[in-house]
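Undergrad: A predicted structure for the sequence below; I have some questions about it.
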Amino acid sequence: GAVVSQHPSWVICKSGTSVKIECRSLDFQATTMFWYRQFPKQSLMLMATSNEGSKATYEQGVEKDKFLINHASLTLSTLTVTSAHPEDSSFYICSASKRASQYNSPLHFGNGTRLTVT
Amino acid sequence: SQQGEEDPQALSIQEGENATMNCSYKTSINNLQWYRQNSGRGLVHLILIRSNEREKHSGRLRVTLDTSKKSSSLLITASRAADTASYFCATDQGGAQKLVFGQGTRLTINP
C-alpha cells in the first residue's frame, strides 16, 4: 500500500500564533505533495503543490507568506499557518504522489488536520 | 478552480439499493478518478478510469466515462450502511499531476 501520515489530526491555537502541520509518506518516496483545504460540507480546494527540494507552487489567491510550505525530504512536507486568524480555521489535507508515478496514478491522502483558531 | 460538478449533492437510499452519482467536467482530461471521504477523514481512492476507457469495474463499483459529454458516473451496487460517505470525482486537467475535485455527493445509506 501507500500510506500517508498527517499530524496532528486536530489542533486548537490562539489567534496570532503559528501552527505547523506535517505530512509524511511512510512507505514510498514522494517528490510531489499537495495541500488542500476543505470547508464543512464542501469540496477540496487545492492550496499548493509541494516539490521536494524546490519552492512550492501556490494556487491563485493563496498567500504564500501565510501558508509556508517546506518539502525538505522525499518523505516529508510541512505546512505552517503563520499568524493564524479565526478565518483560517478549516480542515487541511495533504496528499502525495509516488515518485515514479505518471499522471495516471491515484493520490494517497493523509487523514487531515482540523485547525481551530480561537 | 473546481471544474467538477456532481449531482446529486445529496442522496439517501435504503440499504441494498443501488446508488448512482454523476460528475461533469469542462476541460480535456487524461483520467478521471473517484474518491470517498468519511466524515472528518482524508480521502480514499476508489477507482481511476483513463480517457480511452468507457467503463471500469471494481467489486461493487462501476464507473463509466463519456468524454464526448465530459461526464462520468459512479454506481455502487447492493449498498451497505458502511458506504455512507461523501464521494468526489477528480480530474487531472489534461496531464497536470494535480487533481481538481468536484463538489461531491453526500451519500447516506439507511439500514
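TA: Done, it's in.

Undergrad: low-scoring stretches of the chain, by residue?
TA: No chain was given, so I picked chain A. A:1, A:99-104 (pLDDT under 70).

Undergrad: my question was about chain B, not that one.
TA: For chain B, the stretches flagged by pLDDT under 70 are B:1-4, B:94-97.

Undergrad: how about the residues of it near chain A?
TA: For chain B, the contact set with chain A under Cβ under 8 Å from any Cβ of the partner chain comprises B:2, B:4, B:30-31, B:33, B:35, B:40-45, B:48, B:50, B:88, B:92, B:95-104, B:106. In short, each C-beta sits where N, CA and C put it, glycine included.

Undergrad: from the residues you listed, which would you call buried?
TA: Listed as buried from these are B:4, B:30-31, B:33, B:35, B:41-43, B:45, B:48, B:88, B:92, B:97-104, B:106; burial here means 16 or more other Cβ atoms under 10 Å in any protein chain shown.

Undergrad: tell me which of those residues fall in strands.
TA: B:31, B:33, B:35, B:43, B:45, B:48, B:88, B:100-101, B:106 (DSSP state E).

Undergrad: figure out the helix or strand that A:Met33 lives in.
TA: Using DSSP states H and E, A:Met33 falls within strand A:32-38.

Undergrad: for the most centrally placed residue in chain A, name its beta-bridge partners.
TA: In chain A, the centroid-proximal residue (Cα atoms, centre = their mean) is A:Trp35; its distance is 3.4 Å. In this entry, A:Trp35 is beta-bridged to A:Ala48, A:Cys94, by DSSP bridges.

Undergrad: check A:Phe67 too.
TA: What pairs with A:Phe67, by the bridge criterion (DSSP bridges), is A:Val81.

Undergrad: you'd agree it is up against A:Thr80?
TA: Yes - using Cβ atoms under 8 Å, A:Phe67 makes contact with A:Thr80 at a distance of 7.4 Å.

Undergrad: between the two, who's got more neighbours?
TA: A:Phe67 (20 against 15; other Cβ atoms under 10 Å in any protein chain shown).

Undergrad: contacts only, for the more buried one.
TA: The contact partners of A:Phe67, by Cβ atoms under 8 Å, 6 or more residues apart in numbering or on different chains, come to A:35, A:47-48, A:58, A:79-82.

Undergrad: between those residues, which sits nearest A:Ser95?
TA: Among these, A:Trp35 lies closest to A:Ser95 (Cβ to Cβ), at 8.2 Å.

Undergrad: separation between the closest one and A:Lys20?
TA: Going from A:Trp35 to A:Lys20 by Cβ to Cβ, to the nearest Å gives 12 Å.

Undergrad: find the residues that touch each one of the two.
TA: With Cβ under 8 Å, 6+ apart as the test, A:Trp35 and A:Lys20 both reach A:Leu79.

Undergrad: before we move on, the earlier item: in ChimeraX, select just the buried ones from the contacts of A:Phe67.
TA: Buried residues within the contacts of A:Phe67, by 16+ other Cβ under 10 Å, are selected in ChimeraX with:
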select /A:35,47,48,58,79,81
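
Undergrad: nearest to chain B among the contacts of A:Phe67?
TA: Taking Cβ to the nearest Cβ as the measure, chain B sits nearest to A:Ala48 out of the contacts of A:Phe67, at 9.5 Å.

Undergrad: wait, the closest one touches A:Lys55, no?
TA: No - using Cβ under 8 Å as the test, A:Ala48 is too far from A:Lys55 to be in contact (9.8 Å).

Undergrad: just the buried positions in stretch A:27-47, please.
TA: Residues A:28, A:30-38, A:43-47 are the ones in stretch A:27-47 that count as buried (16+ other Cβ under 10 Å).
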